[in-house]
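Enquirer: here is the input, now give the coordinates:
(2 chains)
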Amino acid sequence: MKLRIKTLIITAITLIFLISAIFTVEAGIMFQIFMLDEMQDIKTNINHMENWLSEQESGLVRSLEAWSVWGDTSTLVVDPRADYVDAKFNDFTFLASRVNAIAIYDSRGRYVLGKAVDFTLNQSVPVPSTFQYLQTSSPLTRFTNPSDRVAGMMIVDGKPMLVASMPITTSDDPNSVPIGSVLMGRYLDTARLSEVLVGSNMKLSVYAYDRRSLPAEAERTASSSGDVAIYVVREDEGTKSYGIIKDIEGLPAITLRMEMPRDRLEIFRKNQGYFLFGTTTIGLAIMTLNFFLLDMFVVSRIRKLRNAADELGQAAEKGATRAEIIQVESNYDDEITYLAKDVNALLSKLTAANRRLVEDEQQYHYKLESEVERKTHMLMEMNEQLRKMEESKNQFLFNMGHDLKTPLAVIDMNIGMLKKGKPKQTEASEALIRRNITRLKQQIEEIIQLTKFEQGGSIQAEDLDICEVVQDEVRIHQDFARAKGMDIRVEGCGKPIAVKGDRRLLAYGLGNYLSNAVKYSADTSVLVRVAQEGANVKIEVIDAGAGVPVEQRENLFTKFFRGDKTGPGTGVGLYMAYEIAKKHGGEAHYRPNKPKGSIFYFVLPKKARGE
Amino acid sequence: MAKNSKILVVDDEADVRESIAAFLGNAGFASVDTASGVDDALSKILKKGYDLVVLDLMMPKKSGWGLLEELRARKIKIRVLVASAIGLPDVVRNDLKGKYPAACVDFLSKTNLAEQIEDMINTLLKVPAGVV
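Expert: Predicted structure coming up:
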């Protein structure tokens, strides 16, 4: 799910919770306020009624006092004459004071006379029986002090009535003894009482108190004055409250019942709907604003960051080596900006690391290339060497073929001449055949020895006299030398010189020196000089031939090296001589002879004493 | 005529040139000389003049090829039988025929020296001498 949708959902959920919470709390508080207000209204109304009743009582007392001048009323007690009574109880008195009944009692509380008027009928009616048969002990008639007054409510003939009474005296002396009392009563005007009520559509009814008329569920509550007991019954359609008023004797006597419809609650409930609608509308507006602000300041920036990261990723996939820096919004100083900065720092580090990596890679490649180049060069050199060796080997085989064919051809020709030749020729042919067979043997020996050397074979050492080897080889080569008109002499071989070595190899090496000396020098003698030098013996083959040119001396003992490539020879003889000396723990060398010619020599270790 | 032809055997190996000379002498060739190298041969040719030269190729200092060049350069009319023990006779024969196509030049491997030298010399002597 995208961040924007998540934000929208979170905002919406928050809004729903917020509105529900506000609505619930508000409804609760408002209902509580309403209830308190209602109770306050009840109390206020009861209070108003109490005050009104109290005012009515005071007014009644004043009317009573005005009417009941002491001389008049005392006369009524003492001598109630009819004409006087009529004059005194005229209709005006009742109308002016809105009094419904007046009664006179004697000092013992007994009813003397009275008059009653019904204003609706506008005529006299019999005095209410409650007045006529008032108990003698009633506080309304029992006065001891002329200034005492009694006022209050009582039920008269089943109807609530405001009553006031005062003593009747014979003089205005405050110490005079009352001789009776006068009682004035006014039926409670419910319509007028209703006028003091606060609140609309209130219905007031007043009736005699009866315990049973009070609903069981009614809750008692205290009035503000405390004189009136209030009971309240709350129902859905309205509230009924009962104010219980005590009578003159302090007993519950009158019930004031107020019915208060819940108009305001209805209005409140209707308003709740508006409130909900209003809250939701405002909430939606705030949510939208909130959403847009979030989108503008957070989501869109995160998206931008993400897009930038995406582009970087794509660039990296395409092989970009350097990461572009993300645009940082300088006007915001918050976590997203820090994130962008952090990403940039990371990118810088990555770029640096990448650069290093690329450099390392380049360096590695460079090294690798140069290494490959070096190795290739080495290989090419080795290849060239191999090619040269191959060439040399081919040349060797080529020359070997030549060298083998030559003595064979000589033998071949001379065999033919043995039969038909003259005796002198026959002799010469025999010598030629013998010599060339020797030569063939030597060449075959050379091939065998070379093969052995190539295979890394070891020498077969034995105790031998080096002079013996020298003499044997000289004897073999003397033939060739003589054929060329040359001679080979030996020097220094008076006594045997013991060495430990391979006879065949040493003979081969020496033979090679001798055959070269005979081959490359003409008409001169060859000297073989044997000399002991400390623990070594030195055998030199000295000729006075052409010698070895300076530039060829270095490679003389190299395998397949031939000074004159057009001439005969295989190029292995000197190499083998050198290797043979080495295998015997000695050396093979060349040095020029003076004034001309060559000296090839071996230095070999002598056999140690006791070896 | 053939047996009176003057022949020069050029080979650095004494055994070989002496054997060839003796062999040819035995075969009836009256005038056979020898030379141990190219320079020796050239001076003898210039001095005495020969009908045919038996020439070795592999010789120290100057090879047989060197003498062929000299002969061609000096426009000497002669016949040459190249006798070599070189490893690959066919290659050398082709090489020789490529460079010296004249009828007065032929090749003989030393392997077949005893069997063929007499016949080849006789054949060659029937060809007129020419510049190689």
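
Enquirer: element containing A:H365?
Expert: Assigning secondary structure by DSSP states H and E places A:H365 in helix A:335-420.

Enquirer: no, scratch that, I was asking about A:L256
Expert: strand A:252-261.

Enquirer: buried residues in that strand, which are they?
Expert: For strand A:252-261, burial by neighbour count (16 or more other Cβ atoms under 10 Å in any protein chain shown) applies to A:252-260. All C-beta spots, glycine's among them, are computed from the backbone N, C-alpha and C.

Enquirer: quick one: mean pLDDT for that strand?
Expert: Confidence for strand A:252-261, expressed as mean pLDDT, is 87.

Enquirer: spatially central residue for chain B, please.
Expert: The centre of chain B sits closest to B:V54, judged by Cα atoms, centre = their mean, with a distance of 1.9 Å.

Enquirer: and the nearest residue to it once chain neighbours are set aside, how many neighbours?
Expert: Here the nearest residue to B:V54 in space, its sequence neighbours aside, is B:V9; by Cβ to Cβ, 6 or more residues apart in numbering or on different chains that works out to 4.6 Å. Counted by other Cβ atoms under 10 Å in any protein chain shown, the residues lying close to B:V9 total 27.

Enquirer: if we can go back for a sec, which pair in the buried residues of strand A:252-261 spans the largest distance?
Expert: Farthest pair in those (Cβ to Cβ) is A:A253 and A:M260. Separation: 23.3 Å.

Enquirer: next one: phi and psi at the closest residue to A:H402 other than its chain neighbours?
Expert: The shortest distance from A:H402 to any non-neighbouring residue, by Cβ to Cβ, 6+ apart, is to B:A85 (4.3 Å). Per-residue torsions, B:A85: phi -100, psi 10 (degrees, to the nearest 10).

Enquirer: what of A:L113?
Expert: According to degrees, to the nearest 10, A:L113 has phi -160, psi 170.

Enquirer: sort out which residues of the longest strand belonging to chain B are buried, please.
Expert: Across chain B, the longest stretch assigned as strand under DSSP state E is strand B:77-84. Neighbour-count burial for strand B:77-84 flags B:78-84 (criterion: 16+ other Cβ under 10 Å).

Enquirer: what average pLDDT does the helix or strand just after it get?
Expert: Next helix or strand after strand B:77-84 toward the C-terminus (DSSP H and E): helix B:89-99. Helix B:89-99 shows an average pLDDT of 88 in the prediction.

Enquirer: helices and strands around helix B:89-99, which ones?
Expert: strand B:77-84, strand B:105-109 (3 or more Cβ pairs under 8 Å, 6 or more residues apart in numbering or on different chains; DSSP states H and E).

Enquirer: could those go into CSV alongside mean pLDDT and distance to B:I121?
Expert: Listed next are the helices and strands packed on helix B:89-99 as CSV, based on pLDDT from 0 to 100; distance: least, Cβ to Cβ, whole Å:
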stretch, mean pLDDT, distance to B:I121
strand B:77-84, 94, 6
strand B:105-109, 93, 9
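
Enquirer: let me have those strands in JSON lines, adding distance to chain A as columns.
Expert: JSON lines is the format used below for those (distance: least, Cβ to the nearest Cβ, whole Å):
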{"stretch": "strand B:77-84", "distance to chain A": "8"}
{"stretch": "strand B:105-109", "distance to chain A": "8"}
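
Enquirer: what residues does chain B put near chain A?
Expert: B:12-16, B:18-20, B:22-23, B:26, B:58-63, B:65, B:84-88, B:109-111, B:113-114 (Cβ under 8 Å from any Cβ of the partner chain).

Enquirer: would the residue nearest to the centre of chain B count as being in a strand?
Expert: Yes - the assignment for B:V54 is a strand, going by DSSP: H, G, I helix; E, B strand; the rest coil.

Enquirer: relative to chain A, how far out is it?
Expert: 12 Å (Cβ to the nearest Cβ, to the nearest Å).

Enquirer: pretty sure that residue sits against B:F23.
Expert: No - taking contacts as Cβ atoms under 8 Å, B:V54 lies outside contact range of B:F23: 10.3 Å.

Enquirer: overlap of the contact sets of the two?
Expert: Between them, B:V54 and B:F23 share these contacting residues under Cβ atoms under 8 Å, 6 or more residues apart in numbering or on different chains: B:I117.

Enquirer: neighbours around A:Q362, how many?
Expert: Counted with other Cβ under 10 Å, A:Q362 comes out at 10.

Enquirer: what do you get for A:Y338?
Expert: A:Y338, neighbours per other Cβ under 10 Å, totals 12.

Enquirer: please name the nearest non-neighbouring residue to B:E118.
Expert: B:A27 (4.9 Å).

Enquirer: same check on A:P592?
Expert: Using Cβ to Cβ, 6+ apart, the closest residue to A:P592 is A:G547 (5.5 Å).

Enquirer: name all residues that make contact with that neighbour.
Expert: Counted by Cβ under 8 Å, 6+ apart, A:G547 has contacts A:592-593, A:596-598.

Enquirer: pLDDT score for it?
Expert: So A:G547 comes in at 85 (pLDDT).

Enquirer: the one 3 residues further on now?
Expert: If you check A:V550, the pLDDT there is 86.

Enquirer: how many neighbours does it have?
Expert: Neighbour tally, A:V550, other Cβ under 10 Å: 8.

Enquirer: swap in A:F600?
Expert: Neighbour tally, A:F600, other Cβ under 10 Å: 26.

Enquirer: the helix or strand just after the helix holding A:H365 packs against which elements?
Expert: Sequence-wise, the next helix or strand downstream of helix A:335-420 (DSSP H and E) is helix A:423-454. Where contact means 3+ Cβ pairs under 8 Å, 6+ apart, helix A:423-454 is packed against helix A:335-420, helix A:466-483, helix A:503-520, helix A:573-583, helix B:14-27.

Enquirer: go again with 6 Å.
Expert: Contacts defined by 3 or more Cβ pairs under 6 Å, 6 or more residues apart in numbering or on different chains; DSSP states H and E place helix A:423-454 against helix A:335-420, helix B:14-27.

Enquirer: how about that helix: buried residues?
Expert: Buried, per 16+ other Cβ under 10 Å, within helix A:423-454: A:425, A:428-429, A:432-433, A:435-436, A:439-440, A:442-443, A:446-447, A:449-450, A:453.
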